[in-house]
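Enquirer: Kindly generate the corresponding structure for this input.
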Amino acid sequence: MLSALPEAIGILLSFEGLLVLVMGTVLGIVLGAMPGIGSTVAVAIVLPFTLTMGQAPAILLLLAVYAGSVYGGSIAAILINTPGTPQSAATCLDGYPMAQRGEAGLALGWATVASVVGGLVSAVVLIFAAPQLAAFALQFGPIETFALILLGMTCIVSVSTGSVVKGLMAGMIGIFLSTVGGDPILGEMRFTFGNWQLFAGFNLLAVVIGVFALSEVFIRASKPISRVSNLVAFSGIILPTWKMWKGRLRNLAKSVAIGNVIGVLPGTGAATAAFISYAEGRRSSPNREGFGKGEPDGIVSSEAANNAVTGGALVPTMALGIPGDAITAVMLATLTLHGITPGPKLVDDNPTLIAAIFAGFFVINILLLPLGMLLSRVAAPILRIREAFMMTAIVILCAVGIYFVRGNPFDLLVMGGAGFVGFLLRRQGVPMAPLVIGMVLGPTLELTLRQGLILTDGNFLAFFTGHPIALVLALAALLALSLPLLRSLLSRTAS
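Expert: Numbering: from 1, shown residues only. All right, here's what the predicted structure looks like:
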């Protein structure tokens, strides 16, 4: 592949190559920042335009939109408490409180630097460690994946601000919602009550936008005019200084590592990585007490991980032909449409193309910094609009984005219902993050559990006796659950 690098660089430096890199990143950031659009929709919007392009420009355009949209989601999450993409849901937890303190620019600065570092490291991993990571991913069967998701579920306790009981209740609601629709093993319908619209289950994006964006609109609308807070002030991104990073670099490195490892596992995705990384950051950060109240480590944990997934998710897509998440599934279709066969022979059969993709992906993540700083300023005039108009625009944008995903009016009803339920739960102090975690991780948890039980003839203990990776992950989950209790006991003993 190194021998093909000069030709690959020539493709990147051509007018078409530079145009797709810049325009793709710009489109990705803008579409990702729009609530309700999301990375999958952003990539799907651009996909038809790639059919008239050559192989390298087509793939590079989609990669640029992909990486840009994952970062762009943090802009809406921080400025209006509405995750532009599901991957940015965890960023709301600390980004918006920080913005409410008048530090919106600095919050976006933390998100930008963490996103760029996460993306660049994932690009390096993709270039140099793709074969090794692909081989490691092959060791994860249903049992190992179940143990990993079980570890991810422990973050429900970590993000349950206020009341752990209410957080667990929200998590159970999310898991229940994920079971609506077809049984993943038998195909039988569950909890549909004869409604064919529910056969495919609830649309995750509709629920996420409902419980975060729409419930926020309802909460603001329910307050008397005198009590309605102004929209956060924002005049541009402020990058954190080197001194501000003191004590936070370890959390950054750990979050990037989590994102890369989870990204390479097929079927997990950036939302899973963001929540697992956030939970780990809350567990291990020296600033853990500030999580949920506007702690920069919370933003770094989420954004470094979800952007690190972008490179990791491409590993199984290209090396194994297995999409790492929904977005790379669209890219897999694009590769096929352009006559490229993903798999172990991909690099040998297309050395120039792969070299261009790897080098281009590195350039795309570098472009996130200047383009992110430039495009985020567009948000400043928007934030000067009266709040009533802004909230109306958010509802319309969410509705259009949700409808565009599948063209199904029922998704609008799901979004409205989720928004109303989210409003009622938030009024009672129930956190929304655990609900989303339950919906994101629930399907994989159920599927891998049942597959594992089939493999072990119903013996659950065999999950951990004959699978060392699963045992280590299960012990880590147990430790994660025990630490808050131990911390509480130690504080009581000290007092």
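Enquirer: What residues of stretch 191-201 count as buried?
Expert: Counting neighbours by 16 or more other Cβ atoms under 10 Å, one finds that the buried residues in stretch 191-201 are T192, L198, G201. In this view, the C-beta of every residue, glycine as well, is placed from N, C-alpha and C.
Enquirer: Who are the contact partners of the closest residue to the first one other than its chain neighbours?
Expert: Read that as T192. Distances taken as Cβ to Cβ, 6 or more residues apart in numbering put L198 closest to T192, at 4.0 Å, once the chain neighbours are dropped. Listed by Cβ atoms under 8 Å, 6 or more residues apart in numbering, the contact set of L198 reads V180, G181, M189, F191, T192.
Enquirer: now, the most widely separated pair of these?
Expert: Among the contacts of L198, the pair separated by the greatest distance (Cβ to Cβ) is V180 and M189, at 9.2 Å.
Enquirer: on that earlier part again, looking at the buried residues of stretch 191-201, spot the one nearest I9.
Expert: Minimum distance to I9 across those is 45.1 Å, recorded for G201 (Cβ to Cβ).
Enquirer: Could you report the distance from that closest one to S39?
Expert: According to Cβ to Cβ, to the nearest Å, G201 stands 20 Å off from S39.
Enquirer: for L27, same thing?
Expert: Noted for L27: a distance of 12 Å to S39, by Cβ to Cβ.
Enquirer: Backbone dihedrals for the nearest residue to D183 once chain neighbours are set aside, please?
Expert: Spatially, and ignoring its direct neighbours in sequence, D183 is nearest to R190 (5.9 Å; Cβ to Cβ, 6+ apart). Main-chain dihedrals, R190, degrees, to the nearest 10: phi -130, psi 130.
Enquirer: my read: R190 touches V180, true?
Expert: Yes - between R190 and V180 there is a contact under Cβ atoms under 8 Å: 6.5 Å.
Enquirer: Could you check which of these two is surrounded by more residues?
Expert: V180 (17 against 13; other Cβ atoms under 10 Å).
Enquirer: wait, the more buried one sits on F202?
Expert: Yes - if you go by Cβ under 8 Å, V180 and F202 touch, sitting 5.8 Å apart.
Enquirer: Tell me which other helices or strands the helix or strand harbouring L374 touches.
Expert: For L374, the element it lies in under DSSP states H and E is helix 351-376. Counting contacts by 3 or more Cβ pairs under 8 Å, 6 or more residues apart in numbering; DSSP states H and E, helix 351-376 packs against helix 5-13, helix 15-33, helix 55-80, helix 104-137, helix 296-319.
Enquirer: Out of those helices, the one nearest M373 is which?
Expert: Nearest to M373, of all the helices and strands packed on helix 351-376, is helix 104-137, at 6.9 Å by Cβ to Cβ.
Enquirer: show me the contacts for L126.
Expert: G311, G312, L314, V315, F358, F361.
Enquirer: any idea which of these has the most stuff around it?
Expert: G311 (32 neighbours).
Enquirer: So for it, what's the nearest residue that isn't a sequence neighbour?
Expert: Among residues not flanking G311 along the chain, S122 sits closest, at 2.7 Å (Cβ to Cβ, 6+ apart).
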